[in-house]
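Chemist: have a look at this fold, sequence not included:
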């Protein structure tokens, strides 16, 4: 079972990878809504005019959502 702190470590890695983006490939958009404890993630393999992306949303107080968010990021890093 992954924890919220393990998830947030992966979020930090994804944000760091955004600093090294070359030619709009592999871009992460991560939104945190603190008032409801929700994370919304969009991952663009190629950021272009078509705006095709994969997304995952979940609440940090739900262990199943934490697992889903963790593996969504882990499988794309």
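Modeler: Arrived safely. Everything quoted here is computed from the prediction, not taken from an experiment. Numbers count the residues shown, from 1 in each chain.
Chemist: can you tell me which residues contact residue 34?
Modeler: Contacts for residue 34 were tallied using C-beta atoms under 8 Å, 6 or more residues apart in numbering; there are none. For glycine as for every other residue, the C-beta is placed from the backbone atoms N, C-alpha and C.
Chemist: dihedrals phi and psi, residue 33?
Modeler: phi -110, psi 100 (degrees, to the nearest 10).
Chemist: that one touches residue 40, doesn't it?
Modeler: Yes. Between residue 33 and residue 40 there is a contact at 7.4 Å, judged by C-beta atoms under 8 Å.
Chemist: more neighbours: which of these two?
Modeler: residue 40 (14 against 11; other C-beta atoms under 10 Å).
Chemist: so which elements touch the strand or helix carrying that one?
Modeler: Following DSSP states H and E, the helix or strand that holds residue 40 is strand 38-46. Applying 3 or more C-beta pairs under 8 Å, 6 or more residues apart in numbering; DSSP states H and E, one finds that strand 38-46 makes contact with helix 4-18, strand 25-33, strand 54-59, helix 63-74.
Chemist: and the angle for the last one with strand 38-46?
Modeler: Inter-element angle recorded for helix 63-74 and strand 38-46: 20 degrees (by axes from the mean of the first three to the mean of the last three C-alpha atoms, to 10 degrees).
Chemist: next, the buried residues of helix 63-74.
Modeler: 65-66, 69-70, 72-73 (16 or more other C-beta atoms under 10 Å).
Chemist: for stretch 53-66, same thing?
Modeler: Judged by neighbour count using 16+ other C-beta under 10 Å, the buried positions of stretch 53-66 are 56, 58, 60, 65-66.
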